[in-house]
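Enquirer: This is a predicted model, with the sequence first.
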Amino acid sequence: MTATLGFVMLCHTALNRAAEVARVWASAGCPVVIHVDRRVEAADYRRLVEALGDLDIVSFSRRYACDWGTWSLVAATQAGATQLLGRHKDVRHVYLASGACLPLRPVAELIDYLDARPQTDFIESVTTADVTWTVGGLAEERFTLRFPFSWRKRRGLFDFYVRLQRRLGIRRQIPKGLAPHLGSQWWCLTRRTLSAILEDPDRARHDAYFRRVWIPDESYFQTLARLYSTRIESRSLTLSKFDVQGKPHTFYDDHLQLLRRSDCFVARKIWPQADRLYRAFLAPQPPGSARAEPNPGKIDRLFAKAVERRTRGRAGLYMQSRFLLQDHENGKTCAPYSVFHGFSDLFENFDIWLSKAVGGRVHGHLFAPGRVEFAGGEAIFNGALPDSAALRDYNPRAFLTNLVWNTRGERQCFQFSPRDNQACNWFVATDPNAQISVITGSWAVPLSRANMNFSDIRKEAARLQRIETEHVRILRTMYVKARVRIWTMAEFIENPMEPLQVIIDEISPRSTRPLTEAPKLVDLAGFGQFLQSLKNQGMMPTLMGDFATTDDPQPPAREHGRPYLVR
Amino acid sequence: MRLWDRYRLRLRRKRLRYRAFRKRRDLSAVVDRTRDYGRDAILLVAVLRNERIRLPYFLRYYRDLGVTHFLMVDNDSDDGSRDYLAAQRDVSLWTTRASYRASRYGADWINWLLMRHGRGHWILAVDVDEFFIYPFCDTRPIRALTDWLDAGGVRSFPAMVLDMYPKGPVDAEPYREGGNPFDIASYFDGGNYMIARNGFYGNLWIQGGPRARTMFADRPREAPSLNKIPLVKWHWSYCFVSSTHMLLPRGLNLVHEEWGGEKASGCLLHAKFLSTFKAKVAEELERRQHFAESREYIAYAETLKDDAQLWCKWSEKYINWRQLEILGIMSKGGWA
C-alpha cells in the first residue's frame, strides 16, 4: 500500500542530497520519480540509481537536457508525472520538487494536510496583469513573442530579437480558451487535474504553443490548471524566496531556526553542503508536534530586507561596495544636520549658546582653514575622525558624510563662514538633510576690528564678499534641496529672536520650551563707519543690508544688561 | 569609456601578462602539489618573506574557511618559513631570490602562478598578515560565498583592508606563534575612510584609517590605498595590475554599486601592527623593496621612534563581521 502522495523530483546537481531526500520520502511510503538532467555524467547517474536501488517505489524517468527558461523543463516534468500516475494508481496528489528541496516537516503531516483537502490543487497561478515579480520586464510578452535564442548564452541575440518583434509588431496568437497565468514552478496537483492536462486531446496543440513561450515551466501548468481544476489554491507549498535578479535565495545552516518557524512543508533551495540543515530536517522527527498552517510570511522580513538592501541600501552610506553616482544617492547624507553661516561672527560664543538651546553638542567651524573645530575642541571625533585640516581638505565631502554617518542619532550643528573651505557648498545645498541658515555680511564684523592695514582689510573684504556672493548664488538656484534661510545682517539684528526660534524649533520640534535667553550680540560700535570706509576705498559692501553710517546699530534691549526675550 | 582607452587597457593587460610570463624564470618550485587539487578547488595565493611566526595561524585560519590549496612564493626567507611551508600537505611552494620591487611587489609572480594554476578556480590573493572576513563567515564556509557569487554571475569580490592595532604601543604585548593576532591588535577605525573613483581602471580608491590619521595627516595623497579585490574567479586572460588593488579587464574592478543599493563586500583584517612590526620596518628600510621608495616604511619608522599610539578613544574594538556591517565598512548586499 503506497501513500496518496507522490513526488516528481527534477535533479541536476548534488545528486547525493537528492538521494537522501528521495529516501526519506520513499520510506514514508510515497512513490518518487526522479528526473536527472541528461548532462549529468553517466557515472554519477549510475551511482544515484544504485544508491536508491533498494527502494522499489523510486523510479527514474526519461532524461532530458534541461536549460533554464526552456521547454525542456516542462517536458521533463510531463515525463515524470506521466510515469508516476501510470505506475502508482493510489497516488492522488503529485508534488513537483527539485533536487535542492528539503522537507521541513515529516511527510506524514503533509499527507494528512492533503488528505484533508483531497480536491485542492496547490499551484501559484496569477494572471500576467497581476504579477510584479517578473525580472526583465517580460510578463504579457512571454506569451506573445517568440524566443528562439538562449537568454543565458545568447543574451545579445535574445534582446535584439525581442526588440525586433516589438518594433515590427509581430505577435503570436494565444490559443483559444487559454488565459495566460504565471506562478512558481513548484506545485502540488491532484491526479484529476494533472491527468486532465496530460491526457488532453488538445495537448499537442498546447505543447506546440508553450514550446515557444518564454520560461514555460512557470506558465504551462499554471495556465492549464485553470482549465480543469475545480479548486485552486493559488500558492506554492514549497517555500522559496527570490532575490533581485529573480534567482531563488539559498538556505544555509544558519537559517535552521528560521526554517523551523516557517512551518512550511518543503523549502528550496538548500545549499548542498548545509550539513546541519539536512541532518536536522531529515532525521526522524518526534510525532505530535504542532500542526500549524504553513506560514512563509514569518521569514519574509529577512529576505525582503536583503532585497531592500541590494536595491536601495542604507541612506547616506559611502563604502567600498556602495558608491553611487551623483544624484543617484538615495540620501546624500544619513541624517539631518544644520549649518549656521555667519552666526559666530555676529554673536559671542554662539556655539555654546546654541548647544544649550538645542541640548546637544555644537561644532565650531568644521571647515576652518587651520584645523577642524570639533565640539569641545576635541582633537579626534566619532569614528576616529581626526581634526587635521589637510586630511579634511583632501576629501571634504567624505569628511562631511563620515561625520554625519558616524554620529547617527545625534544631530550635527556647525558654524560656517566664507573663510572656510567652500568645497561642499553644492553638496550641502542639494542635500535634503541640510538646514542652512545664513546671515550675509557678518564676516565683516571681525574685519572691522582687525588690526591690519586698511588696504589688506579691503582686499580681504573683497575676497570674502566674492566667496559669500557665490555661496548665496548657489543657495538661490533651483537645484537646492536643503532648507535654506537667508537674512542680511541688518535684517537679522533688527529682530534676532524670531528667526532663531524658528531654526531651533525645526532642530528640536518636541521641545516646547521657548527660548528665554538670547545670544549675546558682539559690540557693533563703529561698524557703520567701517562700512563707509570700505565704500570710500572704492569697495561696495552689498551683503550686510542697510546700515546708517553714523548711529551704530544696536538692539533696543541692549541698555538693560543681558538681553532677554519677553513673551 | 572611449574606444581608444579600451584599447590602451587591453594593451596594458597584454603587457602585464607578458611581463608575468617573463618573470616565471624568477620562480623555482620547492614543492609543486598543484596536481593534488580538483577542478573546484579554492586556491589561496600569497608572497611572503620571513613570516615564519605568522604561518601556523595563517594556514589554520584559511583552512578553517575552506581554502583547498595554498600557492605560496617565498621571497628569500631565512627564518625557516620555506621548510615549514614545504612540509604542509596542502601547500605548493616556489622560492625566489629575485627583487620584490622588480616583480612589481609580487604581482608578476602572482599573475604567473595564476596563469599556470589558477584557471577556472576561485582564487584568494592575500598577504600573510591579511585575514579575509565576509558576510556570514562565522557560519558559512568560503565555498558558500563562491557558490553564491557563481549563481549570480559575479566574478570578483571586494574586501577593504582594515588596519587593526593594539591599545598601547605596538610592541607592548609580544605576538606568539599560533596565536590569534586580533587578540592583541583588536582595535580599528570605524568611520574615517575617504573614497574616490579611479576613472581609468574603474575601481574605487579608498584611503584613511589609522595610518592616514597618524602618519599621513599632512600629506594625505600618499596615504596607503585600502581598496582590494582579493577574491576572483580566475580566467586565463585576467591579471592583477597593482598588488591586488585592481585588476584587468576593467569590469572586474566594478565591485561597487553605482545606481542605488549595496553590493556584498568583505574586509581584510590587517594584522600588521603587532610586536613583529619593528623588526619588519628595520629590515624593509634596509632593503628598500617596497612601493614608492618604501615611503610608507619611512613614515612607520618615524612614528615608531616616538612610540606613538595608533589607538584613540574613538577606536572600535573588533567583535565580528556583523559589527563591521552595521558600521557600514562592509555589506551583506543581497545575500541573506
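Expert: Thanks, I have the structure now. Numbers count the residues shown, from 1 in each chain, chains lettered A, B, ... in the order given.
Enquirer: Counting residues, name the longest helix you see in the chain.
Expert: You didn't say which chain, so I picked chain A. Longest helix of chain A, by residue count under DSSP state H: helix A:454-475.
Enquirer: try chain B instead
Expert: When chain B is parsed with DSSP H, its longest helix is helix B:3-23.
Enquirer: Would you mind listing the buried residues in that helix?
Expert: For helix B:3-23, the neighbour count (16 or more other CB atoms under 10 Å in any protein chain shown) marks B:9, B:13, B:16-17, B:19-20, B:23 as buried. (Each C-beta comes from the backbone N, C-alpha and C, glycine too.)
Enquirer: Stretch A:373-393 too?
Expert: By 16+ other CB under 10 Å, the buried positions in stretch A:373-393 come out as A:373-375, A:378, A:380-389, A:391-392.
Enquirer: and what of stretch A:528-547?
Expert: By neighbour count on 16+ other CB under 10 Å, the buried set for stretch A:528-547 is A:528, A:530-531, A:533-534, A:539, A:541, A:543-545, A:547.
Enquirer: who touches that stretch?
Expert: A:440-442, A:444, A:447-448, A:454-455, A:458, A:461-462, A:465, A:468-469, A:472, A:488-491, A:527, A:548-553 (CB atoms under 8 Å, 6 or more residues apart in numbering or on different chains).
Enquirer: Stretch B:97-113 now?
Expert: Counting by CB under 8 Å, 6+ apart, B:16-17, B:19-21, B:23-24, B:26-27, B:45, B:47, B:49, B:71, B:73, B:75-76, B:94, B:96, B:125, B:239-244, B:287-291 sit against stretch B:97-113.
Enquirer: mind redoing it with 7 Å?
Expert: B:16-17, B:19-21, B:23-24, B:26-27, B:45, B:47, B:71, B:73, B:75-76, B:125, B:239-240, B:242-243, B:289-291 (CB atoms under 7 Å, 6 or more residues apart in numbering or on different chains).
Enquirer: doesn't A:Val438 fall inside a strand?
Expert: Yes. According to DSSP: H, G, I helix; E, B strand; the rest coil, A:Val438 belongs to a strand.
Enquirer: In contact with it, which residues?
Expert: Listed by CB under 7 Å, 6+ apart, the contact set of A:Val438 reads A:341-342, A:472, A:475, A:485-486.
Enquirer: Quick one: mean pLDDT over the strand or helix carrying B:Met115.
Expert: Per DSSP states H and E: B:Met115 is located in helix B:107-117. When pLDDT is averaged along helix B:107-117, the result is 95.
Enquirer: Give me the below-cutoff pLDDT ranges for the chain.
Expert: I went with chain A, as the question did not name one. Residue ranges of chain A with pLDDT under 70: A:1-2, A:131-137, A:287-291, A:511-513, A:549-567.
Enquirer: Can you pull up the most central residue in it?
Expert: A:Glu308 (2.4 Å; CA atoms, centre = their mean).
Enquirer: Let me know the secondary structure of it.
Expert: Classification of A:Glu308 by three-state DSSP places it in helix.
Enquirer: circling back to that earlier point, export the longest helix of chain B as PDB, just CAs?
Expert: Taking C-alpha atoms only, helix B:3-23 is exported to PDB below (Å, rounded to 0.1, in the frame of the first residue of the first chain):
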ATOM      1  CA  LEU B   3      37.500  53.000 -27.800                       C
ATOM      2  CA  TRP B   4      41.000  54.400 -27.600                       C
ATOM      3  CA  ASP B   5      41.000  54.000 -23.800                       C
ATOM      4  CA  ARG B   6      39.700  50.500 -24.000                       C
ATOM      5  CA  TYR B   7      42.400  49.700 -26.500                       C
ATOM      6  CA  ARG B   8      45.000  51.100 -24.100                       C
ATOM      7  CA  LEU B   9      43.800  49.000 -21.300                       C
ATOM      8  CA  ARG B  10      43.900  45.900 -23.500                       C
ATOM      9  CA  LEU B  11      47.500  46.700 -24.400                       C
ATOM     10  CA  ARG B  12      48.300  47.200 -20.800                       C
ATOM     11  CA  ARG B  13      46.800  43.900 -19.800                       C
ATOM     12  CA  LYS B  14      48.800  42.100 -22.600                       C
ATOM     13  CA  ARG B  15      52.000  43.800 -21.400                       C
ATOM     14  CA  LEU B  16      51.400  42.800 -17.800                       C
ATOM     15  CA  ARG B  17      50.700  39.200 -18.800                       C
ATOM     16  CA  TYR B  18      53.800  39.100 -20.900                       C
ATOM     17  CA  ARG B  19      55.800  40.500 -18.100                       C
ATOM     18  CA  ALA B  20      54.400  37.900 -15.700                       C
ATOM     19  CA  PHE B  21      55.400  35.300 -18.300                       C
ATOM     20  CA  ARG B  22      59.000  36.500 -18.400                       C
ATOM     21  CA  LYS B  23      59.100  36.700 -14.600                       C
END
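Enquirer: got the contact list for that helix?
Expert: So helix B:3-23 is contacted by B:103, B:108-109, B:111-112, B:115, B:239, B:241, B:248-250 (CB under 7 Å, 6+ apart).
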